[in-house]
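Engineer: A predicted structure for the sequence below; I have some questions about it.
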Amino acid sequence: MAIKIILLVVFFAVMLGIGIYSRNKAKNVNDYVLGGRTVGPWISAFAFGTSYFSSVVFIGYAGQFGWKFGLASTWIGLGNAFIGSLLAWLVLGRRTRLMSQQLDARTMPEYFGKRFDSKALRIAGSIIAFVFLVPYTAGVYNGLSRLFGMAFDIDYRICVIIMAALTGAYVVIGGYMATALNDFIQGIIMLIGICLVIGAVLAGKGGFTEAVRQLSMVPADASVTTEALQGGQGLFASFFGPDPLSLLGVVILTSLGTWGLPQMVHKFYAIKDEKAVKTGTVVSTFFAIVIAGGCYFLGGFGRLFSDNPDIYKTDGSVAYDSIVPTMLSSLPDIIIGIVVVLVFSASMSTLSSLVLTSSSTLTLDLIKPLKKKEMSDKMQLRLMQLFVLVFIAVSVILAFNPPTFIAQLMGYSWGALAGAFLAPFMYGLYSKNITRAAVWASYILGVGFTIFNMFVPVIKSPINAGAVTMIAGLIIVPIVSAITPKPDQNKVKEIFSCYDKTVVVPETENLGK
């Protein structure tokens with residue numbers, strides 16, 4: 001217990017110290033929200049990765065999908081790395097940085113408002129982001145309850161309050177730069193922690209080869225949706241697992257979904273320069289391979305612990321959030337202490353990113369446009385800091401008394417946000433012909449179908465529903481743009497001029513004539 005507490009105290013002290021160190025770099029709105037657009041490649045890459053992978057992935061998704069798909073769940077992690085990280089940086093990174101600076105946009109709704117010359121789009125986008133980021137923020141705490149029940153003999157609510165207070169403190173004091181620097185430290189902890197955990201769990205089962213052999217002997221049961229495969233042995237150790245189609249839906253949502261999440265895309269707004277984008281692409285991909293690939297790979301061995309009663313609810317069904325904590329419960333105290341810090345790191349990095357995105361969106365994209373009198377820079381900054389505290393408080397209240405639908409709503413929030421934002425954001429970076437009506441169509445499709453499917457489940461799985469919504473948006477936006485009036489080409493040409501500016505570079509970076 002002493003080891004665990006010492007590790008946590010040191011961790012908390014470092015996080016708070018970084019917040020205090022960063023306070024001089026958050027004295028105006030631009031610095032507070034974007035770090036002055038001077039964030040380097042390693043900090044940006046780790047900020048992207050740690051915002052991507054929270055305790056929900058390590059505790060919830062790794063346990064749930066590892067149980068359902070076995071070792072094939074590792075494909076989810078690889079999809080996150082190569083689609084959610086590598087492709088996202090290649091397709092969105094550089095163009096987002098250039099166009100957001102050209103538009104002087106600091107949030108995703110502000111981008112929509114200025115890119116498509118519509119105050120209504122900006123306000124509607126801010127409302128969508130606010131509504132669907134709230135349950136996402138509250139859900140970040142979910143991964144802590146089981147873990148702290150296993151590692152400490154203290155009330156889970158105390159852990160929630162400590163984490164919320166610490167996160168709120170360094171975000172309010174230091175803004176984006178404090179968040180990014182803490183993300184870097186937290187990312188290093190996550191990299192070390194996941195490697196130690198995987199090694200320790202497999203060693204406890206006789207090593208990798210023996211663990212795979214044991215897994216290959218587990219028969220598929222009723223939790224496998226493909227009825228014809230039930231009872232078959234070896235499926236949980238196979239290449240594509242027992243249900244490849246559902247596995248594909250998870251890969252699409254958890255990988256492609258990041259392209260349309262405001263708190264993820266926001267990292268590209270703040271990156272420093274061209275070289276930082278290139279380096280950040282490589283670092284972010286490596287981080288995702290280790291963290292996401294490692295988490296889902298570890299979860300794939302969950303069924304080897306099926307004889308432990310701790311992973312079942314009182315009605316006999318599987319409690320997915322209990323699987324990974326049960327796998328860790330027999331590890332040495334020092335490793336459990338590292339895991340606790342790892343999960344705290346994953347939770348705090350995502351929480352800080354979400355509350356900063358939510359507070360800046362609410363202030364800059366909803367309150368400021370609706371206010372008749374001009375708001376001073378200082379007033380905007382104070383409002384954002386206030387809303388950080390408000391969002392933290394709301395997330396704590398929801399974490400204390402979660403409504404029965406919040407876990408399900410967490411899954412839907414990804415589908416709604418990415419379904420509404422992904423297609424118009426990405427197409428808007430590349431095409432001069434995307435229209436205002438197409439953006440509205442994407443908003444309506446993403447939010448409308450998600451809400452409808454919540455009450456009338458046409459697609460039972462929220463994961464598959466979200467994947468369908470995103471793909472439908474990618475199809476509908478260009479179709480609507482083709483049949484609706486084109487935007488003012490002079491304005492669009494001026495916006496896209498940011499891609500055509502001539503710059504001087506050293507000869508070592510230019511091998512042409």
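Structural biologist: Structure's in. What do you need?
Engineer: Tell me who's in contact with Trp42.
Structural biologist: Going by CB atoms under 8 Å, 6 or more residues apart in numbering, Trp42 touches Phe184, Thr279, Gly280, Val283. For the C-beta atoms, the positions are set from N, CA and C on the backbone; glycine is no exception.
Engineer: Which pair of those spans the longest distance?
Structural biologist: Checked with CB to CB, the contacts of Trp42 reach their widest spread between Phe184 and Thr279, with 13.7 Å between them.
Engineer: Can you give me the first-to-last residue distance of stretch 100-109?
Structural biologist: From its first residue to its last, stretch 100-109 covers 11 Å (CA to CA, to the nearest Å).
Engineer: what's the average pLDDT for it?
Structural biologist: Averaged over stretch 100-109, pLDDT sits at 90.
Engineer: Outside of it itself, list whatever touches it.
Structural biologist: So stretch 100-109 is in contact with 29-30, 33-34, 37, 99, 110-111, 113-115, 121-126, 129, 262, 265-266, 268-269, 357, 360-361, 364-365, 421, 425, 495, 497-498, going by CB under 8 Å, 6+ apart.
Engineer: 7 Å instead?
Structural biologist: 30, 33-34, 37, 111, 114-115, 122, 125-126, 129, 262, 265, 269, 360-361, 364-365, 421, 425, 495, 498 (CB atoms under 7 Å, 6 or more residues apart in numbering).
Engineer: Could you list the alpha-carbon positions for stretch 436-448 in PDB?
Structural biologist: C-alpha atoms of stretch 436-448 as PDB (Å, rounded to 0.1, in the frame of the first residue of the first chain):
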ATOM      1  CA  ARG A 436     -23.200  25.000 -46.400                       C
ATOM      2  CA  ALA A 437     -26.300  22.800 -47.100                       C
ATOM      3  CA  ALA A 438     -24.000  19.700 -47.100                       C
ATOM      4  CA  VAL A 439     -22.700  20.600 -43.600                       C
ATOM      5  CA  TRP A 440     -26.200  20.900 -42.300                       C
ATOM      6  CA  ALA A 441     -27.100  17.600 -43.900                       C
ATOM      7  CA  SER A 442     -24.100  16.000 -42.100                       C
ATOM      8  CA  TYR A 443     -25.100  17.600 -38.800                       C
ATOM      9  CA  ILE A 444     -28.700  16.300 -39.200                       C
ATOM     10  CA  LEU A 445     -27.700  12.800 -40.200                       C
ATOM     11  CA  GLY A 446     -25.100  12.400 -37.500                       C
ATOM     12  CA  VAL A 447     -27.200  13.600 -34.600                       C
ATOM     13  CA  GLY A 448     -30.600  12.700 -36.000                       C
END
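Engineer: where does this structure have its least confident helix or strand?
Structural biologist: Ranking every helix and strand in the chain by mean pLDDT, DSSP states H and E puts helix 142-151 at the bottom, with a mean of 63.
Engineer: Show me what secondary structure element comes after it.
Structural biologist: Sequence-wise, the next helix or strand downstream of helix 142-151 (DSSP states H and E) is helix 156-204.
Engineer: what's the following helix or strand after that next one?
Structural biologist: helix 208-216.
Engineer: who's in contact with that next one?
Structural biologist: By CB under 7 Å, 6+ apart, helix 208-216 touches Gly70, Leu71, Leu202, Lys205, Gln233, Gly234, Phe236, Ala237, Phe301, Arg303, Leu304.
Engineer: Please check the residues you listed and keep the buried ones.
Structural biologist: Neighbour-count burial (16 or more other CB atoms under 10 Å) applied to the contacts of helix 208-216 gives Gly70, Leu71, Leu202, Lys205, Phe236, Ala237, Phe301, Arg303, Leu304.
Engineer: now those in TSV, with pLDDT and secondary structure?
Structural biologist: Output for those, formatted as TSV (pLDDT from 0 to 100; DSSP: H, G, I helix; E, B strand; the rest coil):
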residue	pLDDT	secondary structure
Gly70	90	helix
Leu71	92	helix
Leu202	90	helix
Lys205	87	coil
Phe236	85	helix
Ala237	85	helix
Phe301	92	coil
Arg303	89	helix
Leu304	89	helix
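Engineer: and which of those is nearest Ala288?
Structural biologist: The closest of the buried ones among the contacts of helix 208-216, once distances to Ala288 are taken by CB to CB, is Leu71, at 18.4 Å.
Engineer: And for Leu191, nearest residue in space, chain neighbours not counted?
Structural biologist: The shortest distance from Leu191 to any residue other than its chain neighbours is 5.6 Å, reached at Val290 (CB to CB, 6 or more residues apart in numbering).
Engineer: give the contact list for Leu389.
Structural biologist: Taking CB under 7 Å, 6+ apart as the test, what Leu389 contacts is Gly168, Val172.
Engineer: which element is it on?
Structural biologist: Going by DSSP H and E, Leu389 is in helix 377-400.
Engineer: what's downstream of the strand or helix carrying Leu354, the next helix or strand?
Structural biologist: Element membership of Leu354 [criterion: DSSP H and E] is helix 333-361. Later in the chain than helix 333-361, the nearest helix or strand by DSSP H and E is helix 368-370.
Engineer: contact partners of that following helix?
Structural biologist: Contacts of helix 368-370 (CB under 7 Å, 6+ apart): Lys119, Arg122, Ile123, Met375, Gln380.
Engineer: Distance check, the spatially closest residue to the second one that is not a sequence neighbour against Val265.
Structural biologist: If I follow you right, that is Arg122. Leaving out its chain neighbours, the residue that sits closest to Arg122 by CB to CB, 6+ apart is Gly113, at 2.7 Å. Counting by CB to CB, to the nearest Å, the gap from Gly113 to Val265 is 15 Å.
Engineer: now swap in Ile483 and tell me
Structural biologist: 28 Å.
Engineer: distance between stretch 200-212 and the chain's centre?
Structural biologist: Put simply, stretch 200-212 sits 30 Å off its chain's centre (CA atoms, centre = their mean, to the nearest Å).
Engineer: just for the stretch 351-500 of the chain, where's the confidence low?
Structural biologist: Where the stretch 351-500 of the chain drops to pLDDT under 70, the residues are 402-410.
Engineer: how about 90 then?
Structural biologist: The model of the stretch 351-500 of the chain has pLDDT under 90 over residues 351-359, 361-382, 385, 387-388, 390-415, 418, 453-468, 487-489, 498-500.
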